[in-house]
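A.B. asks: Sharing a sequence plus its predicted fold:
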Amino acid sequence: MNIAEEIFKRVDAESTAVIEKGTVFTYGFLDSRSKEAAERLKQRHGLLPTARIGLTGTDSVAYIVLSLAILRAGGCFVPIAPELSRAEAEEQSRAIYLDGILDASQGLENPDFTPLSHPDCAWREGFEALNPGLIRFSSGTTGEAKGILLSHETLRDRIITANAGLGIDSSDRILWVLSMAHHYAVSILLYLYHGATIILPDSNRSDALLAAATGHGASVLYGAPFHFVMLTAGEEHPEWPALRLAVSTTAGMAQGTAETFKAIYGVFPSQALGIMEAGLPFINHDASAEKPGSVGRPQPTVMTRILDEDGAPVASGTAGRLEILCPGMFDAYLSPWRPLSAVTGEGGWFSTGDIAQTDEEGYHYLKGRTESVISVGGMKFFPEEVEEVLMTHPGVSEARVTAREHLTFGAVPEAEIVLSNKVELTDGDLIKHCKSRLAYYKIPTRFTYVEAIPKTVTGKIQRR
């Protein structure tokens, strides 16, 4: 099956799919234009089945159309975040052997396509056998694997599982505030699969978001905590009567922000937990106000368990390692190649990397990470990659990057530096060094100069 083709079998061609800066685009428009673009990819560029095609560009109707075109042409869609540095984008290309890059910033008439060539990858046969649909580039829960593969069947199962909690249907209009490069399967594809309308505002300023929301009758807001902070700032706020559902994901939201949002707009935000490898297994709907610190109970088709260090189940109120089992689990890590069966434990259980606990009613609470991943407004990375860049500066002998809690973004990175005494060094020097090699959200916001970095007995950096 092909998830893009399934979308157009389900929806009304005359209904509104996207509103971009006030212009209405129907599902029929998405259907015809994505089909045309898919044919161009196959005929003009010789796109082979299961080719891995990167897509760059900012969020737009063109981005949506071209992503669907890649899928309809039989390619595997690979979002490339526009904020990545050139070095990071090239590393992605090498790690997952991209066959080409399509640029949505030029619009739909003649988008740029850059073919790429790499040595044949060792995992090509296993990859092609999985009916590949989407690759999310990530370090995975292990901090090592690069690229998370989702098949067309997995994409379908994932959005059905997620929508059991979201309840999106064709009457909904979603105010788009996230990044399509970071949020696609259980957002863009889910909305289209269920015939909803996606509203793309003129800009990400709070006044533009509210103008789009109230002007086009947005019924759903799905965003990160900082979007809720932004929408509650100031003293004057328009009425938003159409809003029925507000969901916060990527990081925990401060209770004060949630209460303020409820007081202004009449809807208490629900907390959700999204996991690249598993989709959206948790949404706290029914107790969002009473238990604002909880990600809720598992979605109907999601099973969970919390284990101690010996692999035994823990009692409610006791923290342990969170494992899940559900439809829509990822199919493989790409580089190095590891299919799902090689990652999960007995019975197919997947360790999320989270430390969690439940209360007596089964509501889950996240207490930390078994790994060191840092999430800045929903954009995740590992401190090791930032430390590696810092260590290439001749003035740095050692570095440790950690996360500092931030009210708006959930967390921001900061760094401890041991100087090499080879050159004089300032914060500005390090920031400039990082800017040419890292995406902006990975650059430390604070530098502390120390005599030594704490290490474990085996010589590894000690994480907080």
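C.D. replies: Done, it's in. Worth saying up front: this structure is predicted, and the values here are computed from it rather than measured.

A.B. asks: Residue 99 is in contact with residue 48, correct?
C.D. replies: Yes - counting by C-beta atoms under 8 Å, residue 48 touches residue 99, with 7.4 Å between them. From N, CA and C alone the C-beta is placed, and that goes for glycine too.

A.B. asks: Of the two, which one has the most company?
C.D. replies: residue 99 (22 against 12; other C-beta atoms under 10 Å).

A.B. asks: May I ask you to confirm that that one is in contact with residue 120?
C.D. replies: No - Residue 99 sits out of contact with residue 120 when judged by C-beta under 8 Å, with a separation of 11.2 Å.

A.B. asks: I would like the residues contacting stretch 419-436, please.
C.D. replies: Outside stretch 419-436, the residues that touch it by C-beta atoms under 8 Å, 6 or more residues apart in numbering are 85, 87, 386, 389-390, 392-397, 415, 417, 442-444, 447, 449.

A.B. asks: buried subset of those residues?
C.D. replies: Those of the contacts of stretch 419-436 that meet the buried threshold are 85, 386, 389-390, 393, 395-396, 415, 417, 442-444, 447, by 16 or more other C-beta atoms under 10 Å.

A.B. asks: Tell me the one of those residues nearest residue 164?
C.D. replies: residue 442 (34.0 Å; C-beta to C-beta).

A.B. asks: residues in contact with that closest one?
C.D. replies: 376, 381, 385, 386, 413, 434.

A.B. asks: same thing but at 7 Å, please
C.D. replies: Taking C-beta atoms under 7 Å, 6 or more residues apart in numbering as the criterion, residue 442 is in contact with 381, 386, 413.

A.B. asks: min pLDDT across the residues you listed, which one?
C.D. replies: In terms of pLDDT, the lowest of the contacts of residue 442 is residue 381, showing 81.

A.B. asks: Tally up the residues packed near that one, please.
C.D. replies: Around residue 381 there are 20 residues (other C-beta under 10 Å).

A.B. asks: Which positions in stretch 325-342 come out as buried?
C.D. replies: 325-335, 337-340.

A.B. asks: And stretch 257-267, by the same measure?
C.D. replies: 257, 258, 260, 261, 262, 265, 267.

A.B. asks: what's the average pLDDT for it?
C.D. replies: On average, stretch 257-267 scores 95.

A.B. asks: do the same with stretch 293-303
C.D. replies: The model assigns stretch 293-303 a mean pLDDT of 93.

A.B. asks: Also stretch 422-431?
C.D. replies: The model assigns stretch 422-431 a mean pLDDT of 90.

A.B. asks: Please point out which parts of it sit buried.
C.D. replies: In stretch 422-431, counting by 16+ other C-beta under 10 Å, buried: 425, 430.

A.B. asks: Just give me how far that stretch sits from the chain centre.
C.D. replies: 33 Å (C-alpha atoms, centre = their mean, to the nearest Å).

A.B. asks: CA atoms only: put it into PDB for me.
C.D. replies: C-alpha atoms of stretch 422-431 as PDB (Å, rounded to 0.1, in the frame of the first residue of the first chain):
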ATOM      1  CA  LYS A 422      46.800  27.100  23.400                       C
ATOM      2  CA  VAL A 423      44.900  30.200  22.500                       C
ATOM      3  CA  GLU A 424      42.900  32.900  24.300                       C
ATOM      4  CA  LEU A 425      39.200  32.100  24.200                       C
ATOM      5  CA  THR A 426      35.900  33.900  24.700                       C
ATOM      6  CA  ASP A 427      32.200  32.900  24.600                       C
ATOM      7  CA  GLY A 428      31.900  34.800  21.300                       C
ATOM      8  CA  ASP A 429      34.700  32.700  19.800                       C
ATOM      9  CA  LEU A 430      33.000  29.500  20.800                       C
ATOM     10  CA  ILE A 431      29.600  30.700  19.500                       C
END
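
A.B. asks: residues in contact with the residue lying closest to residue 16 once chain neighbours are set aside?
C.D. replies: Nearest non-adjacent residue to residue 16, counting by C-beta to C-beta, 6 or more residues apart in numbering: residue 197, 4.8 Å away. When contacts are counted by C-beta under 7 Å, 6+ apart, residue 197 touches 16, 17, 19, 173, 174.

A.B. asks: Of the buried ones among the contacts of stretch 419-436, which one scores lowest on pLDDT?
C.D. replies: For the buried ones among the contacts of stretch 419-436, the least confident entry is residue 85, with 85.

A.B. asks: How much space separates that one from residue 60?
C.D. replies: Residue 85 sits at a distance of 22 Å from residue 60 (criterion: C-beta to C-beta, to the nearest Å).

A.B. asks: Report the mean per-residue pLDDT for stretch 221-235.
C.D. replies: pLDDT averaged over stretch 221-235 gives 91.

A.B. asks: now the end-to-end length of that stretch.
C.D. replies: One end of stretch 221-235 sits 21 Å from the other (C-alpha to C-alpha, to the nearest Å).

A.B. asks: What are the buried residues along it?
C.D. replies: So stretch 221-235, judged by 16+ other C-beta under 10 Å, has buried residues 221, 222, 223, 224, 225, 226, 227, 228, 229, 230, 231, 232.

A.B. asks: Ramachandran angles for the fourth one?
C.D. replies: Dihedral pair for residue 224: phi -90, psi 160, per degrees, to the nearest 10.

A.B. asks: Quick check, it in contact with residue 377.
C.D. replies: Yes - with contact defined as C-beta atoms under 7 Å, residue 224 reaches residue 377; the gap is 5.0 Å.
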